[in-house]
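Asker: Quick one: sequence plus predicted model below, questions after.
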Amino acid sequence: MSYRLKLIITISLLIALSFGIGGTLMITTSFNVTLEQETQSALTTFENTQRTLSLLNSLGDQSDFTSLADALKQMESQNLSQWQALSLKAGDTQLFLSGSADMLEQTVPTPSENQCTSLPISDKYGHGLLVKSIILAGDTELEVLARFDLSHVYTLRDTQQQQYLIVYSAVIVFGIVASIFLSVALTRHLRRLTVTVRKISGGDLSRRSQIKTHDEFGQLSRDFDVMADKLQESISKLESDMQRQESFMGAFAHELKTPMTSIIGFADLLRQGNMDESTRIMASEYIFSEGKRLERLSFKLLELLLLKKDTLTMTRVWLNTYLGEVERALAPNMKAKNIRLVCKAEAKRVILETDLVKSLLYNLVDNASKAMDNGGIIAVHGIAIPGGCQFQVVDNGRGMEPAELTKITEAFYRVDKARSRSQGGAGLGLALCKQIVELHNGSIQFASTPGKGTRVTVTLYGKAGSADG
């Protein structure tokens, strides 16, 4: 059963029950009040008649009841009576009878002197009220028994019930129609959300509900659309990551294929043994250099994988001493390339992961050296900042175009593929640097001018200390 049908049934039942109970209570209350009023009016009329008869009996001859019967006849002829039937008896003697005696056949309890008793009845003559009283006339008891017609009260109730049934039926029909329109109005937003969910689950990730109301459905729609936006963003990011992973694997396979082809080729020449000494030496050196390049490539890939799993072990170091170690390690290689390496840092203590940050600086300096064709200067500056430290690596090499700056931290990306390959680069250095920076909750920024050089600013957050000594 659909929610809309449940809503229609619920609203219709509520209307039927509320109107049914309310109408029944109203008719019942009105009937009881009217019946009570008519009953009281009948009793009042009977008491007045009883007092009249008692007064006449006390003024006249108490053994002659003719005056009492005459008085009743006169009251009846002048339409002063309201009874349907009335009987006046002295013992078994009928003194006066108005109406049919059959109407007075019901047994009514005998009342006390000057009191009256009543009995509601329902017979072939309709609904009525029997009222009985005893009047003492000397030693004689006069029995006065009257019937008052109350059928009009019941007729009025029946008429009201019939009219109510007609109105009730009309209200039920109207309520059902109104509940249909109301349920459609209330569930149209829910239906729209349902259609949107089905569209999204079917692959249309751009579908949105866009319900512009200020009620709960509008809030639900806005929350749902925000969730859908985040879902689409996550899926897009996942697809982008998968594409990058495919590109990574393709580039990795390409990087392995080129040196492996050369190694296999030269190894085959050596295996055949029909070559001169210079060719043999050249082949051996090429196999050695390409093997070393594969070794470096495997180490860098391993570092990239480990960086995604390992936690950092932070160490407090003197910034100037730490950068001095970097300079001493890189200076011989830079000197061989006719590059002057200058490292300067503040005499402050900072906390960082020493091995990873050295790999970061080694890769930045190595990349800077590859951008220099005829030597040059590479300057490395280190400063302590609140909560961490900052390094700047500046060179006066070839520089890069602005379009290249957003791609250089991608794995296997190279600005100049031919030059990087000849220099032993695999395009993993800056990708590794990016991972190290992210593990330190920092940032890496590049600024470059073609023909003038490049500035790399690395901000790392560990725990900065103050100057000591």
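Answerer: In hand now; what should we look at?
Asker: ok, now which ones touch the residue lying closest to Ser98 once chain neighbours are set aside?
Answerer: In space, and not counting its chain neighbours, Ser98 is closest to Leu86: 4.5 Å by Cβ to Cβ, 6 or more residues apart in numbering. Placement of C-beta: from N, CA and C, glycine included. Listed by Cβ atoms under 8 Å, 6 or more residues apart in numbering, the contact partners of Leu86 are 49, 72, 96-99, 144-147.
Asker: Closest one of these to Glu295?
Answerer: The shortest gap between Glu295 and any of the contacts of Leu86 belongs to Arg147, at 125.7 Å (Cβ to Cβ).
Asker: neighbours around the closest one, how many?
Answerer: Arg147 has 26 neighbours, counted by other Cβ atoms under 10 Å.
Asker: Next: Met275.
Answerer: By other Cβ under 10 Å, neighbour count at Met275 equals 14.
Asker: Roughly how far does it sit from Thr34?
Answerer: Remark: distance between Met275 and Thr34 (Cβ to Cβ, to the nearest Å) = 131 Å.
Asker: Please compute how far the helix or strand where Lys6 lies lies from its chain's middle.
Answerer: Taking DSSP states H and E as the criterion, Lys6 maps to helix 3-59. Put simply, helix 3-59 sits 52 Å off its chain's centre (Cα atoms, centre = their mean, to the nearest Å).
Asker: From the contact counts, what lies against it?
Answerer: Applying 3 or more Cβ pairs under 8 Å, 6 or more residues apart in numbering; DSSP states H and E, we find helix 3-59 packed against helix 66-77, strand 116-123, strand 126-137, strand 140-149, helix 151-201.
Asker: Between strand 140-149 and that helix, find me the angle.
Answerer: 150 degrees (axes from the mean of the first three to the mean of the last three Cα atoms, to 10 degrees).
Asker: Over helix 3-59, what's the mean pLDDT, rounded is fine.
Answerer: When pLDDT is averaged over helix 3-59, the result is 88.
Asker: Just the angle for it relative to helix 66-77, thanks.
Answerer: Going by the same axes, to 10 degrees, helix 3-59 makes 140 degrees with helix 66-77.
Asker: how close does Ser81 sit to Arg147?
Answerer: For Ser81, the distance to Arg147 equals 11 Å [Cβ to Cβ].
Asker: same thing with Thr315?
Answerer: Distance, Thr315 to Arg147, by Cβ to Cβ: 116 Å.
Asker: And Met334, by the same measure?
Answerer: When distance is defined by Cβ to Cβ, Met334 is 133 Å away from Arg147.
Asker: all helices for the stretch 251-400 of the chain, in order.
Answerer: Using DSSP state H, counting those that start in this stretch, the helices found in the stretch 251-400 of the chain span residues 277-307, 319-336, 354-370.
Asker: In JSON lines: those, plus mean pLDDT.
Answerer: Listed next are these as JSON lines, based on pLDDT from 0 to 100:
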{"stretch": "helix 277-307", "mean pLDDT": "71"}
{"stretch": "helix 319-336", "mean pLDDT": "87"}
{"stretch": "helix 354-370", "mean pLDDT": "84"}
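Asker: Tabulate these in a markdown table, adding columns for mean neighbour count.
Answerer: As requested, the helices of the stretch 251-400 of the chain are arranged in a markdown table below (neighbours: other Cβ atoms under 10 Å):
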| stretch | mean neighbour count |
| --- | --- |
| helix 277-307 | 14 |
| helix 319-336 | 16 |
| helix 354-370 | 21 |
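Asker: what about the nearest residue to Leu205 once chain neighbours are set aside, neighbour count?
Answerer: Once flanking residues are discounted, Leu205 sits nearest to Gln232: 4.5 Å by Cβ to Cβ, 6+ apart. Neighbour count for Gln232, taken as other Cβ under 10 Å: 15.
Asker: same check, this time on Ser443
Answerer: Count around Ser443 with other Cβ under 10 Å applied: 14.
Asker: Name the residues linked to it by a beta bridge.
Answerer: Beta-bridge pairing for Ser443 (DSSP bridges): Thr459.
Asker: One more: Ala379?
Answerer: Going by DSSP bridges, Ala379 forms beta bridges with Val342, Val394.
Asker: do the same with Ser122
Answerer: As for beta bridges, Ser122 partners with His127 under DSSP bridges.
Asker: what residue ranges in this structure score low on pLDDT?
Answerer: Within the chain, the set of residues satisfying pLDDT under 70 comprises 1, 60-64, 80, 244-259, 262, 293, 296-312, 403-429, 463-469.
Asker: Spatially central residue for it, please.
Answerer: By Cα atoms, centre = their mean, the chain has its centre lying nearest to Leu220, at 5.5 Å.
Asker: Is it correct that that one is in contact with Thr196?
Answerer: No: Leu220 lies out of contact with Thr196 (Cβ atoms under 8 Å); the separation is 11.2 Å.
Asker: need the contact list for Ile27.
Answerer: By Cβ under 8 Å, 6+ apart, the residues touching Ile27 are 157, 160-161, 164.
Asker: Thr110 versus the closest residue to Gln160 other than its chain neighbours, what's the distance?
Answerer: The shortest distance from Gln160 to any non-neighbouring residue, by Cβ to Cβ, 6+ apart, is to Ile27 (5.2 Å). The spacing between Ile27 and Thr110, counted by Cβ to Cβ, is 36 Å.
Asker: Kindly report the same for Gly202.
Answerer: Using Cβ to Cβ, we find Gly202 at a distance of 90 Å from Thr110.
Asker: Between the two, tell me which one has more neighbours.
Answerer: Legend: neighbour count by other Cβ under 10 Å for Gly202 and Thr110, higher for Thr110 (12 against 9).
Asker: isn't there a strand covering that one?
Answerer: No: assigned with DSSP: H, G, I helix; E, B strand; the rest coil, Thr110 falls outside any strand and is coil.
Asker: My guess is it contacts Thr117. True?
Answerer: Yes: using Cβ under 8 Å, Thr110 is in contact with Thr117, at 7.4 Å.
Asker: Common neighbours of these two, please.
Answerer: By Cβ under 8 Å, 6+ apart, the residues touching both Thr110 and Thr117 are Lys132.
Asker: for the closest residue to Ile134 other than its chain neighbours, what are its contacts?
Answerer: Of all residues not flanking Ile134 in the chain, Glu141 sits nearest, at 5.3 Å (Cβ to Cβ, 6+ apart). Residues in contact with Glu141, defined by Cβ under 8 Å, 6+ apart, are 90-91, 134-135.
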